[in-house]
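Asks: Quick check, what structure comes out for this input:
(one chain, ligands or ions: 1)
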Amino acid sequence: MRCVVLGGGGHARVVIDAIQASGEATTVAILDADRSRWGTELQGVPITGGDDQLAAVLASGVTHFVVGIGSVRDTGPRRRLFERASACGLTALLVRHPSAVSSPWARMGGGSVLLANAVVNAGATVGENVIVNTGAIVEHDCLIGDHVHIATGARLASGVRVGMGAHVGAGAVVRQQIVIGEEAVVGAGAVVVRDVAPRTVVVGVPARPLEIWAGRSIG
Ligand code: JB3
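Replies: Residues are numbered from 1 along each chain as shown. Next comes the predicted model:
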């Protein structure tokens with residue numbers, strides 16, 4: 001399979017690495033919004049132009065794509081890029097680094113990336129265009145919506161539900177059966193023991209909505 005990676009920054013590095021290590025596809029091109037990068041390479045893959053090249057890339061025999069931009073809070077740009085490439089007729093590639101563990105009893109949607117040492121356990125369902133970043137754990141029977149980012153080293157205990165487009169920050173811990181709403185943000189290192197409402201930012205141990213901290217020093 002021949003694939004294109006959309007975005008050529010830090011996240012793309014690890015996505016390309018995982019694709020190469022898995023051997024399941026060949027990354028033949030990168031498209032990046034930054035014109036100054038066009039004509040250069042990232043890890044041996046040429047950056048050939050911007051997203052207006054998607055149709056030409058498809059016509060050249062490329063069948064698959066992966067969104068190679070990450071997110072540290074707002075997952076919207078990743079969602080829009082996924083929808084644009086899908087609308088062009090490209091198929092979203094599921095990427096699994098060979099050191100990652102995904103149960104045969106888990107379901108993973110197209111365009112999702114499971115990076116090195118990540119785990120998705122039995123009965124979990126992971127939507128489309130999800131990042132399960134390096135060393136993150138999605139325990140059994142979790143339900144992860146489309147375009148979610150489970151950041152590096154985050155751990156979701158069993159039965160956690162994460163709504164579409166939410167971001168779970170690096171090293172966060174989420175207790176069993178918790179529900180995290182759509183486009184919510186869990187801060188890095190937070191410990192979530194109560195449900196998180198949609199489009200809410202929670203931080204700390206135990207995690208609380210960010211407004212609670214307003215005007216106070218949190219050290
Ligand atoms: O925390 C970790 C382990 N990784 C972070 C990742 C999840 O998110 C990483 O450290 C960064 O914070 C971030 O990675 P990302 O998105 O690769 O960021 P950056 O290194 O800044 O590269 C973004 C690239 O995407 C740049 O080259 C942009 O020009 C390009 N870009 C932005 N918008 C786009 C678009 N490229 C395309 N094709 N289309 C766009 O709409």
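Asks: domain ranges for the chain?
Replies: 2-93, 94-206 (automatic domain parsing).
Asks: What count of nearby residues applies to the residue in the chain that the ligand sits nearest to?
Replies: Going by CB to the nearest ligand atom, the ligand is nearest to Gly9 of the chain, at 1.8 Å. The way it works is simple: take the backbone N, C-alpha and C, and place the C-beta from them, glycine included. Around Gly9 sit 15 other residues, with neighbours defined as other CB atoms under 10 Å.
Asks: Then Thr152?
Replies: Applying the criterion other CB under 10 Å, we find 19 residues in the vicinity of Thr152.
Asks: Quick check, pLDDT for it.
Replies: With respect to pLDDT, Thr152 scores 98.
Asks: Pretty sure it sits against Ile131.
Replies: No - in this structure Thr152 lies outside contact range of Ile131 using CB atoms under 8 Å: 9.5 Å.
Asks: what does the chain put close to the ligand?
Replies: 6-12, 31-34, 51, 69-72, 77, 81, 133, 152 (CB under 6 Å from any ligand atom).
Asks: Just give the nearest non-adjacent residue to the residue most central in space within the chain, would you?
Replies: Using CA atoms, centre = their mean, the residue of the chain that lies closest to the mean C-alpha position is Ile131, 2.0 Å off. Closest residue to Ile131 in three dimensions, ignoring its sequence neighbours and counting by CB to CB, 6 or more residues apart in numbering: His149, at 4.5 Å.
Asks: neighbours of that neighbour, just the number please.
Replies: With neighbours defined by other CB under 10 Å, the count for His149 comes to 30.
Asks: now swap in the one 5 residues further on and tell me
Replies: In terms of burial, Ala154 registers 27 neighbours under the definition other CB under 10 Å.
Asks: Verify the stated contact: Asn129 with Arg79.
Replies: Yes - in terms of CB under 8 Å, Asn129 counts as a neighbour of Arg79; the distance is 6.9 Å.
Asks: So between these two, which is more surrounded?
Replies: For Asn129 against Arg79, the residue with the higher neighbour count under other CB under 10 Å is Asn129, and the figures read 28 against 19.
Asks: which residues touch that one?
Replies: 67, 78-79, 82, 92, 109-112, 146-147 (CB atoms under 8 Å, 6 or more residues apart in numbering).
Asks: Helices along this protein, start to end?
Replies: Chain-ordered helices for the chain, with DSSP state H as the definition, fall at 10-22, 54-59, 76-87.
Asks: What residues of the longest one count as buried?
Replies: Residues of helix 10-22 classed as buried by neighbour count (16 or more other CB atoms under 10 Å): 11-12, 14-20, 22.
Asks: could you give the angle of that helix to helix 76-87?
Replies: Helix 10-22 runs at 50 degrees relative to helix 76-87, counting by axes from the mean of the first three to the mean of the last three CA atoms, to 10 degrees.
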